[in-house]
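# Prediction below, plus the sequence it came from.
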Amino acid sequence: MRKVFVVFLALILVAGAGVAQHSRAFDPSITVDTWPYKYSMAFTVTCDDVSSGYPLEYLQEIHALLTSYHVKATFFVIPYHGEWDLITESPQLIQELHELMREGHEIGLHGYAHYQNEFVCDPESQRDLLNKALDIMDEAGITVRGFRAPCLRCTEETTFILKEYGFVYDSSMFGESGEPVSDGPLPRLPSGHEYTWYLSQEEYNEKLSLAQSEAEEKYRERTVFSVVMHMKAVNEGEGIDLLNELLSFVTARDVWSCTLLELVEWEEAIHSVRWDSKKTLTGGEITFYNVPEGLSLTIVLPSYYAPDFLSDDIAMTCNTDDDTCEVVVCFEKSFDEVALPFTFG
């Protein structure tokens, strides 16, 4: 009789567990952070008019300053400035550009000869200019994927032509800091503000205050702060000193320093992330797809769930109160597909 009772009790417990399993929900709330590794703001620095027509020391001084703050930048090169200064005739400049690339900086294309309305012309003329410019960059051993038109002047057809030539983005858009605009064949990025244009001592404090205020605003908004300079203009005046103070101010915060190419690639990667969730016998499981390195997110579940995964490639913190279990996850490598299990108890 006792044996029958034990079997009966076991059946009741199994049935109760089955009912609980059937009735409980596994419906996680997932919030993806805007920037990798939970950074609060993206910070981009661009330098225009990189040319063999200016003293190489100008570029080297910018390079050294960026290195001292561990800041990346995108350098837009004029291949044949004024059709007088050809970059391939300056081995020292080519060597400097390759060193910049080795350190994680980006080299972009700034037209061909940098005439004011160079890319305000018919499509075939634009293709001819690109062919000549890219031939020079190829000879220099440099592949460019970003473009900024001279004087930010181009036509509606330009982005379509750039896409034909394998460019990833166009940054010929005049304006303040901002995230890429995806309303055409290529993402477009605003140039950002220039605070260092032949800066005089009389303008210094006003420009620095303006730059710091904009940085603070973008930091609060958790968006992009973009700074542009010109190779010659930043070095002839007080521009380098202001840049030094601004870099110190910005990098004291948790900001992601990135090139324009990295910014565009991140935006594309974040929009391709997908996930689905399902109940399991022991709890539940969330499977993520197309995960880029650095993706961070927050998962919220009822407090009766707990994460059941440990990995050197996935950082995780968990906070549980009476009602919720909040799990903050950061993927420290990329995954095509990865499953995160949770237990129910």
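Arrived safely, thanks for sending.
# Chain neighbours aside, what residue packs nearest to residue 42?
residue 224 (4.5 Å; Cβ to Cβ, 6 or more residues apart in numbering). Yep, even glycine has a C-beta here, placed from its N, CA and C like the rest.
# Isn't that neighbour up against residue 263?
Yes. Here residue 224 reaches residue 263: they are 7.0 Å apart, a contact under Cβ atoms under 8 Å.
# what's the model's confidence in the strand or helix carrying residue 263, averaged?
Using DSSP states H and E, residue 263 sits in helix 260-272. Averaging pLDDT along helix 260-272 gives 97.
# Equivalent analysis for stretch 40-50, please.
Averaged across stretch 40-50, pLDDT comes to 98.
# Make 603 the first number, not 1, from now on.
Right, with 603 as the first residue, what we last looked at is stretch 642-652.
# Would you mind writing the CA trace of that stretch as PDB?
What follows is stretch 642-652, C-alpha atoms only, in PDB (Å, rounded to 0.1, in the frame of the first residue of the first chain):
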ATOM      1  CA  SER A 642      27.800  56.500 -23.700                       C
ATOM      2  CA  MET A 643      28.900  58.400 -26.900                       C
ATOM      3  CA  ALA A 644      30.600  57.900 -30.200                       C
ATOM      4  CA  PHE A 645      33.400  60.400 -30.900                       C
ATOM      5  CA  THR A 646      34.700  60.900 -34.400                       C
ATOM      6  CA  VAL A 647      37.600  63.100 -35.600                       C
ATOM      7  CA  THR A 648      38.300  63.900 -39.200                       C
ATOM      8  CA  CYS A 649      41.100  65.700 -40.900                       C
ATOM      9  CA  ASP A 650      40.600  67.200 -44.400                       C
ATOM     10  CA  ASP A 651      43.100  68.300 -47.000                       C
ATOM     11  CA  VAL A 652      45.800  65.800 -46.300                       C
END
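# quick one: residue 748 and residue 767 touch, right?
No. Look at residue 748 against residue 767 with Cβ under 8 Å: they stay out of range, at 11.8 Å.
# So between the two, which is more surrounded?
Using other Cβ atoms under 10 Å as the criterion, residue 748 and residue 767 rank with residue 748 on top: 26 against 16.
# Tell me which residues touch the more buried one, please.
Counting by Cβ atoms under 8 Å, 6 or more residues apart in numbering, residue 748 touches 676, 678, 708, 710-711, 769-773, 862-863, 866.
# Is the nearest residue to it once chain neighbours are set aside within a helix or a strand, and which one?
Distance criterion Cβ to Cβ, 6+ apart; nearest residue to residue 748, sequence neighbours excluded, is residue 710 at 3.7 Å. Residue 710 is located in strand 708-711, with elements delineated by DSSP H and E.
# which ones are touching the residue most central in space within the chain?
Centroid-nearest residue in the chain, with Cα atoms, centre = their mean: residue 865, separated by 2.4 Å. Counting by Cβ under 8 Å, 6+ apart, residue 865 makes contact with 644, 646, 781-782, 791, 826.
# With neighbour count added, can I get those residues in TSV?
As requested, the contacts of residue 865 are exported to TSV (neighbours: other Cβ atoms under 10 Å):
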residue	neighbour count
644	24
646	26
781	16
782	21
791	28
826	25
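# Would you map the helices across the stretch 653-802 of the chain?
658-670, 693-704, 725-741, 760-766 (DSSP state H, counting those that start in this stretch).
# So which elements touch the first one?
Where contact means 3 or more Cβ pairs under 8 Å, 6 or more residues apart in numbering; DSSP states H and E, helix 658-670 is packed against strand 643-652, helix 693-704, helix 841-853.
# try the shortest one
Applying 3+ Cβ pairs under 8 Å, 6+ apart, one finds that helix 760-766 makes contact with helix 725-741, strand 771-775.
# Can you list the neighbours in contact with that helix?
721, 725, 728-729, 732, 749, 751, 772, 774, 786-788, 790.
# Kindly report the same for the third one.
Helix 725-741 has contacts (Cβ under 8 Å, 6+ apart) with 679, 681-682, 688-690, 711, 713-714, 720-721, 745-746, 756-757, 759-760, 763-764, 766-767.
# Now the buried members of these.
For the contacts of helix 725-741, a burial check counting by 16 or more other Cβ atoms under 10 Å picks out 679, 681-682, 688-690, 711, 713-714, 720-721, 746, 756, 760, 763-764, 767.
# and this protein, what are its domains?
Domain ranges of the chain: 626-637+875-946, 643-855, per automatic domain parsing.
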